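In: Let me see the structure of the following:
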Amino acid sequence: MNFEKRGKQMQDTYLQQAHEFLKKTNTEMKIQRLGRQFAPWQDQKNDSPVNALLVTLKTDRHQYTFTFYTSLNDTYGPELNPRQYRSTFKLENAKKKHAAEIKKKDYTYDVLACLNVDYSEDFEDFCLNYGYETDSRKALDTYLAVREETGNLKKLWSTSELELLHEIS
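Out: This is a model prediction of the structure:
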């Protein structure tokens, strides 16, 4: 079996697990494509904007909406390495094919695999666990954002459901 085919099978398995998780936890996921935007952590002078998605997760207990930023590869595809194409024509065809694939891509696994519950006791513990300096404003902002995400995930799902989420990522 070639590498590309095996990779596609693994992607399909991960996507299936993500959809099974949503079904088991009775979670509705809505994804709205927002176009290319800079993620908050990007340097607008040196980085390129990426595809942004507005994601809403909803259970009977809670609803959580957040912005998810895709990878550079998902955003730009063939443009990342244009020299691999022997002609401008082949590059343009690859770009069109990539754009069509991304428009219909199912991001369910990508989104769920990035969700994380943090069990740090406090800011100092968080810094120790993730390698941040405790006197960093950026670290504090990250900690507060992670605490907000953790709180929302704990409202959406039970402890056993969060364990299922952890298993798919």
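In: any idea which element the most centrally placed residue in the chain lies in?
Out: By C-alpha atoms, centre = their mean, the chain has its centre lying nearest to Val111, at 3.9 Å. Element membership for Val111, per DSSP states H and E: helix 108-114.
In: need the contact list for the residue nearest to the centre of the chain.
Out: Met29, Ile31, Leu53, Val55, Phe68 (C-beta atoms under 8 Å, 6 or more residues apart in numbering). Glycine gets a C-beta too; all of them are placed from N, C-alpha and C.
In: if we go to 7 Å?
Out: Val55, Phe68 (C-beta atoms under 7 Å, 6 or more residues apart in numbering).
In: Need the pLDDT of Ser169.
Out: pLDDT, Ser169: 69.
In: now the residue nearest to the centre of the chain: how far from Met29?
Out: Here Val111 is placed at a distance of 7 Å from Met29 (C-beta to C-beta, to the nearest Å).
In: Extract the C-alpha set from the helix or strand of the chain with the lowest mean pLDDT and format it as CSV.
Out: Taking mean pLDDT, DSSP states H and E as the measure, the chain has helix 88-103 as its least confident helix or strand, at a mean of 77. Output of helix 88-103 as CSV, limited to C-alpha atoms (Å, rounded to 0.1, in the frame of the first residue of the first chain):
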residue,chain,number,x,y,z
THR,A,88,2.8,27.6,-14.2
PHE,A,89,-0.1,25.7,-15.8
LYS,A,90,0.4,22.7,-13.5
LEU,A,91,0.7,25.0,-10.5
GLU,A,92,-2.5,26.8,-11.4
ASN,A,93,-4.3,23.5,-11.8
ALA,A,94,-3.0,22.3,-8.5
LYS,A,95,-4.2,25.5,-6.8
LYS,A,96,-7.7,25.1,-8.3
LYS,A,97,-7.9,21.5,-7.2
HIS,A,98,-6.7,22.4,-3.7
ALA,A,99,-9.3,25.2,-3.4
ALA,A,100,-12.1,22.9,-4.4
GLU,A,101,-11.0,20.2,-2.0
ILE,A,102,-10.7,22.7,0.9
LYS,A,103,-14.2,24.1,0.2
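In: all helices of the chain, in order?
Out: 3-24, 72-76, 88-103, 108-114, 123-130, 137-156, 159-168 (DSSP state H).
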